[in-house]
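1. coords below, sequence missing:
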């Protein structure tokens, strides 16, 4: 038993978390056919909106990300997830741009999700929460952007699932997106990625504490299942080379293997740590819903399988970025996106960045990533007539 | 006047002759730039660090796009705000629709493609016009070098040894003209450059051009010549 992951008691989510909340009263029509509402959007902003309201950048977060881009996480206290990118003088320059990041619909950091109370029943939604899509997340964000009085976003940017939202923005609300920067993303979720997500979901649902999704009412937490889901997923965010560089076959605090199932290897210990800290901050049902949204993502589906058709007539300027060692969203998928944009003669830049850091490279210190995005944004700002900071 | 100027020169106060953006371009790129109309839609394939694109965008208001193989080149371009994708002429042009560009530029790149004939056909499909420049392997110094030394020529334009060079499909001006005829491409205009980069006008179909030109710049359109 000592080798299994023991879930800790999660500090219950709290309405005291810092940031803004918007209560949307009108129903949101979802792809599954349900009219959903009312719902709350929790979001953070950085910098100032200019008088012309032309300098707003929407940052879209990834699967397990949140709106705390450049603030400490209210549960873990960890620094913001894109501090490498967001701040005065940085690529997403808070002296020049007005940055917005909202927790996605179905999330667990303040925007309405399965752990929240369904006003119709007075109980947590759990599995009665509607199945949502990436486009539904974007529709919800559009309500926020409308509320903020922004007609056209200067840029929508995000990595991984954030990149999927960027692409949905550019195809669903093309007139509202001046520039789009999907990083380490794709036009559709691949079979391999759906397969990994399914492993994660099965791990959660196999946990007896999941209680058919009703764990909140039962006063339990499917922490073991969620931790295993995170461990499996975390491997896909790295690369073989990065794992080897970081851990090799090094042993954890011992000189020899123990002939048992303790975490003998550093890599095991690292993964267990990743799993156990994740369950402190994430809701298991949110994980089910958001991974499902990613699985359903397929830009070309409504256009007879043609991704190009989804972009027809676009006036948005695109910057597509991939990483050489990313095997979750490999360069071939970004290139497919580039070819689709070429087919409609869209304005597109594309860079594949050499790194051994795998999919997670978009969150890390990658000078080439910063240089590319900075140049792209500066060029776009010139075309948009934005003043320099 | 002459005295005062020389005096100024002596003490280093002469105003330097202003160098225009045009002057800063590589010599063959200047000829290419001059052949492009303002506000045209241009795709530069193998655009390197974006020197031509940057010039066209800033001086001629051109809608400038590029394709470049090297990451450093693409980054240099995107960092300047140019729209450039990482890719190559052999595999990343097929997606563009027919007539997507007014001008497609392929400077000093044709000889490094895997399938030059197919690339040329693609250029003619996606561009109304194509401007192609390449080193002439029929240049007399190259012929002489090969004849006298018996070794693969290394020249200022073709400056790598045979085992290092990316130039896997070298051709002469004559070869290029024959290929254009074969695939029904019309040569609208041509400029041949000598070894100092000076232009001279000789019929590109003649033996003399093939002997004296170190490189050729061709403007191509669809249709039989």
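-> Perfect, thanks for sending it. Keep in mind it's a predicted model, so treat the numbers as computed, not measured.

2. CA only for contacts and neighbour counts going forward, please
-> Fine.

3. just the pLDDT for residue B:114.
-> pLDDT recorded at residue B:114 is 96.

4. quick one: it from residue B:177, how far?
-> Distance of residue B:114 to residue B:177, given as C-alpha to C-alpha, to the nearest Å: 19 Å.

5. which parts of the stretch 251-389 of chain A sit against chain B?
-> Residues of the stretch 251-389 of chain A lying close to chain B by C-alpha under 8 Å from any C-alpha of the partner chain are A:338-340, A:342-345, A:347-353, A:368, A:371-380.

6. try 6 Å
-> A:339, A:342, A:343, A:348, A:349, A:350, A:351, A:372, A:375, A:376, A:379 (C-alpha under 6 Å from any C-alpha of the partner chain).

7. show me the shaky parts of chain A.
-> The model of chain A has pLDDT under 70 over residues A:1-15, A:389.

8. picking that back up, quick one: which two of the residues of the stretch 251-389 of chain A next to chain B are the most distant?
-> A:343 and A:375 (24.1 Å; C-alpha to C-alpha).

9. count of neighbours near the nearest residue to residue A:34 once chain neighbours are set aside?
-> Spatial nearest neighbour of residue A:34, excluding adjacent residues (C-alpha to C-alpha, 6 or more residues apart in numbering or on different chains): residue A:130 at 7.3 Å. Residue A:130: 19 surrounding residues under other C-alpha atoms under 10 Å in any protein chain shown.

10. on the three-state scheme, residue A:130 is what?
-> Residue A:130 falls in the coil class when you classify it by DSSP: H, G, I helix; E, B strand; the rest coil.

11. look up how far chain B lies from it.
-> Using C-alpha to the nearest C-alpha, to the nearest Å, residue A:130 is found at 38 Å from chain B.

12. equivalent analysis for residue A:149, please.
-> Taken as C-alpha to the nearest C-alpha, the span from residue A:149 to chain B is 28 Å.

13. what is the burial count for that residue?
-> That count, for residue A:149 with other C-alpha under 10 Å as the rule, works out to 10.

14. swap in residue A:384?
-> By other C-alpha under 10 Å, 14 other residues sit near residue A:384.

15. among the residues of the stretch 251-389 of chain A next to chain B, who's most crowded?
-> Taking other C-alpha under 10 Å as the neighbour criterion, residue A:351 ranks highest of those with 31 neighbours.

16. nearest residue to that one in space, please, no chain neighbours.
-> residue A:321 is the one closest to residue A:351 (C-alpha to C-alpha, 6+ apart), at 5.0 Å.

17. which other residues reach the host helix or strand of the one you found?
-> Assigned by DSSP states H and E, residue A:321 belongs to strand A:317-323. For strand A:317-323, the external contacting residues (C-alpha atoms under 6 Å, 6 or more residues apart in numbering or on different chains) are A:179-184, A:331, A:347-353.

18. any quick ChimeraX command for the buried ones out of these?
-> Buried members of the contacts of strand A:317-323, defined by 16 or more other C-alpha atoms under 10 Å in any protein chain shown, are picked up in ChimeraX with:
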select /A:179,180,181,182,183,184,331,347,348,349,350,351,352,353
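
19. closest to residue A:157 out of the contacts of strand A:317-323?
-> residue A:181 (4.7 Å).

20. and chain B, is the one helix or strand that closest one maps to touching that?
-> Using DSSP H and E, the element containing residue A:181 is strand A:177-183. No: applying C-alpha under 6 Å from any C-alpha, one finds strand A:177-183 out of contact with chain B, separated by at least 12.0 Å.

21. buried residues in the next helix or strand along the chain from that strand?
-> As assigned by DSSP H and E, the chain's next helix or strand after strand A:177-183 is helix A:191-205. If you call a residue buried by 16+ other C-alpha under 10 Å, then helix A:191-205 has these buried ones: A:193, A:194, A:196, A:197, A:198, A:199, A:200, A:201, A:203, A:204, A:205.

22. give me the element the residue nearest to the first one when sequence neighbours are not counted is part of.
-> Spelled out, that is residue A:193. Spatially, and ignoring its direct neighbours in sequence, residue A:193 is nearest to residue A:328 (6.7 Å; C-alpha to C-alpha, 6+ apart). For residue A:328, there is no host helix or strand (DSSP H and E).

23. can you get me a residue count around residue A:328?
-> A total of 25 residues lie near residue A:328 under the criterion other C-alpha under 10 Å.

24. separation between it and chain B?
-> 20 Å.

25. for that residue, give its distance to residue A:185.
-> Distance of residue A:328 to residue A:185, given as C-alpha to C-alpha: 9 Å.

26. then residue A:307?
-> Distance from residue A:307 to residue A:185, by C-alpha to C-alpha: 14 Å.

27. what's the answer for residue A:75, then?
-> On the measure of C-alpha to C-alpha, residue A:75 and residue A:185 end up 28 Å apart.

28. name the nearest residue to the residue nearest the centre of chain B, sequence neighbours excluded.
-> Centroid-nearest residue in chain B: residue B:107, 2.6 Å away (criterion: C-alpha atoms, centre = their mean). In space, and not counting its chain neighbours, residue B:107 is closest to residue B:133: 4.7 Å by C-alpha to C-alpha, 6+ apart.

29. what's the strand or helix carrying the one you found packed up against?
-> Remark: residue B:133 resides in strand B:127-135, with elements defined by DSSP H and E. Judged by 3 or more C-alpha pairs under 6 Å, 6 or more residues apart in numbering or on different chains; DSSP states H and E, the packing partners of strand B:127-135 are strand B:101-107, strand B:215-222.

30. can you put these in a markdown table and add mean pLDDT?
-> Output for those, formatted as a markdown table (pLDDT from 0 to 100):
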| stretch | mean pLDDT |
| --- | --- |
| strand B:101-107 | 97 |
| strand B:215-222 | 94 |
